[in-house]
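1. Pasting the sequence and the predicted coordinates here, then a few questions.
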Amino acid sequence: MEVLRLPLSASQKGKLISAGYTSIASLSSASPSHLALELKVSETEALEILKSVSDGSRLQSTSSSFTIVDGAQSAWDMLQEEETSIHITTSCADLDSILGGGISCKEVTEIGGVPGIGKTQLGIQLAVNVQIPYDYGGVGGKAIYIDTEGSFMVERALQIAEACSADMAEYSRLHHKGPQACEVKTMQPKDFLENIYYFRVCSYTEQIALTNYLDKFITEHKDVKVVIIDSITFHFRQDFDDMALRTRILSGMALNLMKLARKFGLAVVVLNQVTTKYADGQFHLALALGDSWSHSSTNRIILHWNGNERYAYIDKSPSLRSASAPYSVTPKGIRTSDSNNKRIKHV
Ligand SMILES: Nc1ncnc2c1ncn2[C@@H]1O[C@H](COP(=O)(O)OP(=O)(O)OP(=O)(O)O)[C@@H](O)[C@H]1O
């Protein structure tokens, strides 16, 4: 339950949110004196706030016990659900193959990598590919692109959309013959761009507000099947002295994103920077805000260089084995690596 739903005054809610307390769970271990200090209110007021929280959490546990009973699933149902789960292609056959078909809907996938490795390119590619219609083996959805860094280039999105549209026309020519060919429509590059809802966020408060607003937006736009955040940690890497506050805000945001993925059956893709850390006499790649963020995604893919070639590595997943695959960034977008094509042909 969010603090916004508690019977508190607007100013109390505002103070809680500014201090990073966005959910009841985030307040569960707060003491009155600590809360008073953080919200700059009297201890009596802090106590009143905590009483509302405990009433709210009692209410939540009563209602959630009904939800659990109502929504109980057997392990068999879960397996069926997993086997029929839908994926968004990355346009790289090798990467799709190690991912079990592409980026999984209903889950949060974190994609990390050094600057210039192709995170934004992959993000734009997914925003286009999610729209590939069912007739072409796609998901037929729309995309939300949340740009925190200002790295989304609309000209590049158009280029990738043009390539996707051309590929669809080619697929149609090869697979849809006779009367069927007239029924199956290819999409124009303009259609792809129209189906990407773009949000530019310039501060972490805007990012929190937008994350909280997504539920409402997607309820009104149910065909959204992917939410891309480029990048999740950008606004949290600077001007943040209070690490506990940062961890609380990030955990609250991660929880919200996971709920969205489950509720609407969509893929949440969060892009993240990696940095190098020195430990045990060696340099290791580490995700930005690693410790405070590391439990927040279901799957994690690391993009890295191997010589002159780009590789994607599955670093964490509850259902996929660790594996890596080469990929290319071409003028048409993300594609299967040429060198891998050659290797396959030579075998
Ligand atoms: N039109 C294009 N044709 C071919 N390659 C391109 C094209 N546009 C971009 N690239 C490749 O993509 C790289 C940039 O990728 P991208 O912006 O996705 O990196 P990033 O991982 O998001 O980096 P950062 O963390 O700095 O945002 C370029 O260095 C270039 O190699």
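-> Cool, got the structure.

2. low-confidence ranges in the stretch 201-347 of the chain?
-> For the stretch 201-347 of the chain, the stretches flagged by pLDDT under 70 are 239, 276-279, 282-285, 288-296, 340-347.

3. Spit out the contact partners of residue 129.
-> 88, 89, 90, 91, 102, 138, 164 (CB atoms under 8 Å, 6 or more residues apart in numbering). All C-beta atoms are positioned from the backbone trio N, CA, C, and that covers glycine.

4. Next, the contact list for the first one, please.
-> The reference is to residue 88. 102, 103, 105, 126, 129, 130, 138, 139, 225, 226, 267.

5. can you tell me which of those residues are up against the ligand?
-> Counting by CB under 6 Å from any ligand atom, the subset of the contacts of residue 88 that neighbours the ligand is empty.

6. ok, of those, which one's closest to the ligand?
-> Nearest to the ligand, judged by CB to the nearest ligand atom, of the contacts of residue 88 is residue 126 at 11.8 Å.

7. That closest one: what secondary structure?
-> Applying DSSP: H, G, I helix; E, B strand; the rest coil to residue 126 yields a three-state assignment of helix.

8. That one: neighbouring residues, count only.
-> By other CB atoms under 10 Å, the residues close to residue 126 number 27.

9. how much space between the residue lying closest to residue 195 once chain neighbours are set aside and residue 208?
-> Excluding its sequence neighbours, the residue lying closest to residue 195 (CB to CB, 6 or more residues apart in numbering) is residue 142, at 4.3 Å. Per CB to CB, to the nearest Å, residue 142 is found 23 Å from residue 208.

10. Kindly report the same for residue 172.
-> Applying CB to CB to residue 172 and residue 208 gives a distance of 43 Å.

11. cool, residue 11 as well?
-> In terms of CB to CB, residue 11 sits 18 Å off from residue 208.

12. Who has more neighbours out of those two?
-> A count of neighbours by other CB under 10 Å puts residue 208 above the other of residue 11 and residue 208, at 21 against 10.

13. Residues touching the helix or strand where that one lies, excluding its own?
-> Following DSSP states H and E, one finds residue 208 within helix 204-220. Applying CB under 8 Å, 6+ apart, the external contacts of helix 204-220 come out as 2, 4, 17-18, 22, 144, 146, 148, 197, 199, 201, 224, 227, 235-236, 240, 249, 252-253, 256-257, 259-260, 263-264, 266.

14. hang on, isn't residue 5 packed against residue 56?
-> Yes. Between residue 5 and residue 56 there is a contact at 7.3 Å, judged by CB atoms under 8 Å.

15. So for these two, which residue has more residues nearby?
-> Using other CB under 10 Å, the more surrounded residue of residue 5 and residue 56 is residue 56, with 19 against 12.

16. Secondary structure of the more buried one: a helix, I assume?
-> Yes. Using three-state DSSP, the assignment for residue 56 is a helix.

17. Residue 8 is in contact with that one, correct?
-> No. The pair residue 56 / residue 8 is not scored as a contact, 9.4 Å apart, by CB under 8 Å.

18. Give me the subset of the contacts of helix 204-220 lying in strands.
-> 144, 146, 197, 199, 224, 227 (DSSP state E).

19. so how many other residues sit close to the first one?
-> This points to residue 144. Neighbour tally, residue 144, other CB under 10 Å: 24.

20. And it, how far from residue 234?
-> Distance from residue 144 to residue 234, by CB to CB: 17 Å.

21. Ends of stretch 102-121, what's the gap?
-> 15 Å (CA to CA, to the nearest Å).

22. Help me confirm that residue 111 comes into contact with residue 299.
-> No. With contact defined as CB under 8 Å, residue 111 and residue 299 do not form a contacting pair (9.1 Å).

23. returning to what we had before: include distance to the ligand when you put the ones in strands among the contacts of helix 204-220 into JSON lines, please.
-> Formatted as JSON lines, the ones in strands among the contacts of helix 204-220 follow (distance: CB to the nearest ligand atom, whole Å):
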{"residue": "144", "distance to the ligand": "18"}
{"residue": "146", "distance to the ligand": "14"}
{"residue": "197", "distance to the ligand": "20"}
{"residue": "199", "distance to the ligand": "17"}
{"residue": "224", "distance to the ligand": "22"}
{"residue": "227", "distance to the ligand": "17"}
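
24. Of those residues, just say which sits nearest to residue 75.
-> Set against residue 75, the nearest of those by CB to CB is residue 227 (28.4 Å).

25. Tell me who's in contact with that closest one.
-> 143, 144, 146, 214, 218, 257, 260, 266, 267, 268, 269 are the contacts of residue 227 under CB under 8 Å, 6+ apart.
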